[in-house]
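# Let's see this in three dimensions:
(one chain, ligands or ions: 1)
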Amino acid sequence: MPQPNDSRHGSATIDVTEFDAVVFDMDGVVTDTTAAHTAAWKEVFDEFLVRVVGPDVDRFDPVADYLEFVDGKPRYDGVRAFLASRGIMLDEGRPGDPPSADTVHSLGNRKNQSFLARLSAYGADSYPSTLRLLAELRRVGISTALITSSRNASVVLQAADVDVSFDVVIDGEVAAERGLPGKPSPAVFLAATDDLGISAVRGVVIEDAIAGVAAGRMGGFGLVIGVARHDNVTDLLNAGAHVVVDDLAAVSVVSCGSR
Ligand SMILES: [Mg+2]
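Below is the predicted model:
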């Protein structure tokens, strides 16, 4: 896909005089779990669609459908959004529904089962450039937070051998306990900066999902950095990223006078 010749694409700078904290999304920013997520969604959605609609159904596209309907969102929101794209509305069911039923919760639970099986079979990778940026932020005294829609944050971090401590972690479990809506609502990002005791305008959001970039911008964050893992620079800029990089190796941390 051609990428725009846009001055907002390429590199980003975090100036320690302007910002007090950086909020990291997990999947796709810290950990590389896209393959396991897309394969799990595809397995569950395709089985359901073929069985319920028929073999000629428009199946789950692991790139386009993943990015538009499920990436970054809480699991059940993703189920609803993708099925709506195929004109299907299912009963909500309940969180404890058995994976075998055909409700929103059951499909979400099937996806989670498949994702966890893949994680345990193949593990996950982390992005070394992200870990380097985290170390640099810690060195200059900028706080860090981890946010994720995932309810499996500790399992994913462990599978990826990420041994970094964040000052604040808001994962899907914490969000559910506090009744926080998922992305594109900025609620989880704002909960992170609240917990850190800073205002959003003094915070940076680093996100790879369209829903997450939109959430950061809507939350009034001073800097929203989109990470284009899928050749999707234009989509991230359109969603509200102030700047887009291809990897966090292109993000530098500067203190006053060092520019
Ligand atoms: Mg993500």
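
# Name the residues of the chain found near the ion, please.
By Cβ under 5 Å from the ion, the part of the chain that sits against the ion consists of 25, 27-28, 72, 208-209. To be clear about C-beta, it is placed using only N, CA and C from the backbone, and glycine gets the same treatment.

# quick one: which of these has the most company?
Using other Cβ atoms under 10 Å as the contact criterion, the top neighbour count among the residues of the chain next to the ion goes to Ala209, which has 29 neighbours.

# Spatially, which residue comes closest to it, not counting chain neighbours?
The spatially closest residue to Ala209, leaving aside those adjacent along the chain, is Gly72, at 2.8 Å (Cβ to Cβ, 6 or more residues apart in numbering).

# still on that earlier bit, got CSV for the residues of the chain next to the ion, with distance to Arg59 too?
Formatted as CSV, the entries for those read as follows, by distance: Cβ to Cβ, whole Å:
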residue, distance to Arg59
Asp25, 27
Asp27, 23
Gly28, 23
Gly72, 21
Asp208, 24
Ala209, 22
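
# before we move on, the earlier item: got a pLDDT number for the residue nearest to Ala209?
At Gly72 the predicted local confidence, pLDDT, stands at 88.

# which SS class is it?
Following DSSP: H, G, I helix; E, B strand; the rest coil, Gly72 is assigned to coil.

# which ones are touching it?
Contact analysis of Gly72 by Cβ atoms under 8 Å, 6 or more residues apart in numbering lists 25, 27-28, 149, 183, 207-212.

# any chance of these in a markdown table, with pLDDT too?
Listed next are the contacts of Gly72 as a markdown table, based on pLDDT from 0 to 100:
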| residue | pLDDT |
| --- | --- |
| Asp25 | 97 |
| Asp27 | 93 |
| Gly28 | 94 |
| Ser149 | 89 |
| Lys183 | 92 |
| Glu207 | 98 |
| Asp208 | 96 |
| Ala209 | 94 |
| Ile210 | 94 |
| Ala211 | 94 |
| Gly212 | 96 |
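
# May I have stretch 238-254 exported as PDB, CA atoms only?
As requested, the backbone C-alpha atoms of stretch 238-254 are provided in PDB (Å, rounded to 0.1, in the frame of the first residue of the first chain):
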ATOM      1  CA  ASN A 238      -6.800   9.800  10.000                       C
ATOM      2  CA  ALA A 239      -7.800   8.300  13.400                       C
ATOM      3  CA  GLY A 240      -6.000  11.200  15.100                       C
ATOM      4  CA  ALA A 241      -2.400  10.300  15.600                       C
ATOM      5  CA  HIS A 242      -0.200  13.400  16.000                       C
ATOM      6  CA  VAL A 243       2.700  11.400  14.500                       C
ATOM      7  CA  VAL A 244       3.100   7.900  13.100                       C
ATOM      8  CA  VAL A 245       6.300   5.700  13.300                       C
ATOM      9  CA  ASP A 246       6.900   2.300  11.900                       C
ATOM     10  CA  ASP A 247       8.600   1.100  15.000                       C
ATOM     11  CA  LEU A 248       9.600   2.700  18.400                       C
ATOM     12  CA  ALA A 249      13.300   2.700  17.300                       C
ATOM     13  CA  ALA A 250      12.200   6.000  15.600                       C
ATOM     14  CA  VAL A 251      11.100   7.600  18.900                       C
ATOM     15  CA  SER A 252      13.800   9.600  20.700                       C
ATOM     16  CA  VAL A 253      13.700  11.000  24.300                       C
ATOM     17  CA  VAL A 254      15.100  14.500  24.700                       C
END
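
# Thank you, goodbye.
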